Every structure is written in C-alpha cells, then in structure tokens.
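**Student:** need coordinates for the below:
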Amino acid sequence: MTHSLVRVEHVMGMAVSLDLDDDRPMPDLERLADGVFAWLRTVDEIFSTYRPESEISRLARGELRREECAPEVGEVLDRCAELWDETDGYFDINAGGRLDPSGYVKGWAVQRACDRLLEAGSANHCLNAGGDIFVRGAPLGREKWRVGIRHPWEAMSVAWVLEVTDTAVATSGTYERGLHVVDPFTGRPVNDLRSVTVVGPELGTADAYATAALAMGRAGIDWLAALPGHESAVVTESGEALRSDNLPVAANPEASGRR
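**Tutor:** Okay, here's the model as predicted:
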C-alpha cells in the first residue's frame, strides 16, 4: 500500500517541504524524512554565512584551512570553481566581497538529500527548499509532479506550472530578498531580471545557472537559451515573461498541484 507523508520544517533559514509517496510503512517514511532534515541541518551548520561558528565563516576569516574543513567544503568549492568557468565568471562566490557559496549550496544540499532518498529505496519524492526543487518519480495517482513557479509580483499566484519527473527546478529572483545578486564585473547589484527559473537534471548546477543568469541581466536570456540540457523561464523587471520552447509547462495550469 502506498503511503504519503508531507513534512515542513524551518531549516537553512527557510521553510523546507518534503513529500514522500512510497510503497512502504509510514514509520519508514518518517525515518526517511528525519534523515533528510538532519542532513539539511548539518549543511547549515557547515555552510551558513550567518553563523560565525560555521566552517565556511571560519574559512572566510582565515581561522581554518580548507584541508581542516569537512570534505563537503572542498567538494562544494571545487564545483563552484567549475561553475565560475562555465558561466564566464558570472557565478562568483566572492562577488559580494566575501566567500559565499550559498548560490550553489542550497541546490546541492537538496540534490544530495534526494540522492540519499533514492539510495534508501524512495522512488517518489519532492523536496522544496525556498523554490529550489528536485522531484523524482511521481505522486500517488499521477504520472508526474506539478511544480508551480511563483509569480514575481503576486506572492499567492504562479507564473507557470510545470509537469516534471526526475528533474531539478531552481529559481533565483529579486522579489523576496531585494537586489542581492551582484554583477561580479561591476560590483553593483543587478535589476534587469525579476525572476529566473532553470530546469535541468541536477539542482546545484541549475541553482548556480539561475543565479548567474540573473547577474548577467538581459544578456542572461540569450545565455540561458544556449545552455545544453536545460530549459528556462524568465520574467524581466519590465514585466516580460519569456520561456524556452521545451519548458515542460502543464497542459492544464489551472489545475491544482503541489509546489
């Protein structure tokens, strides 16, 4: 018998929601959920730039050497260096004047949690951390998950509804945190794009690509269009709504779905 578990916890400074739909007893689903949120809390302890005692904060202040940090720190920094190259320098974890890999860490942490769920036998799940989402399989009674992309001006509305499976959906925007993304070449916050969503196979990369495109301004629209293996949707500050031809938009967006 398939059971469904939905849990929401506040971790990493945001509400994180987990949906599990699997053919296993409810106590097993509860244990899987416990593992997901324990992992996310560990990531926050290591990488939070708001915690002065975190390893990433101590590394930034020169109190720790990289080799003294948890192995995950080296893994993240190495991937961020690759992403800097892949984005022509627009994904820069030092753009704000201090070491801050947050634009990759959240997506990476969610992806890693979902990979652990798969290893534990969970074939159908959705993990959403502040709009960065990875889905696998499908919920009970459906073939795919339905993911709503928040309208960048109307908090209770969606701009698009996607139908996806085994897919990452990452959104970066200015509508909640203000102009927090900096153009690393000018040092100034960017405001040409209001919202950027990237759909791809792996969430950490999709998250970084969305951040990089936001930093590029309008040039990010063409850059996204040329990304192999990824689809995208953009809302500009002037109100234009643009999306790639193969974005997996639901045929019936008015129907209710999980976000």
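
**Student:** which stretches of the stretch 51-200 of the chain have low pLDDT?
**Tutor:** 176-179 (pLDDT under 70).

**Student:** quick one, helices of it?
**Tutor:** Here the stretch 51-200 of the chain has its helices, by DSSP state H, counting those that start in this stretch, at 55-60, 71-86, 102-119.

**Student:** could these be laid out in TSV, adding mean neighbour count and distance to Ser48?
**Tutor:** (C-beta placed from N, C-alpha, C; glycine too.) Shown next, in TSV, are the helices of the stretch 51-200 of the chain (neighbours: other C-beta atoms under 10 Å; distance: least, C-beta to C-beta, whole Å):
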stretch	mean neighbour count	distance to Ser48
helix 55-60	19	7
helix 71-86	16	12
helix 102-119	22	8
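
**Student:** let's have the ones you listed in CSV, adding distance to Ala155.
**Tutor:** Listed next are the helices of the stretch 51-200 of the chain as CSV, based on distance: least, C-beta to C-beta, whole Å:
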stretch, distance to Ala155
helix 55-60, 30
helix 71-86, 29
helix 102-119, 20
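
**Student:** which one of those lies closest to Val36?
**Tutor:** helix 102-119 (4.8 Å; C-beta to C-beta).

**Student:** the closest one packs against which elements?
**Tutor:** Under the contact definition 3 or more C-beta pairs under 8 Å, 6 or more residues apart in numbering; DSSP states H and E, helix 102-119 sits against helix 26-47, helix 71-86, strand 125-129, strand 132-136, strand 167-173, helix 203-216.

**Student:** please identify the most buried of the ones you listed.
**Tutor:** Most buried of these, by mean neighbour count (mean count of other C-beta atoms under 10 Å): helix 203-216, with a mean of 28.

**Student:** how close does Ala129 sit to Arg58?
**Tutor:** 24 Å (C-beta to C-beta, to the nearest Å).
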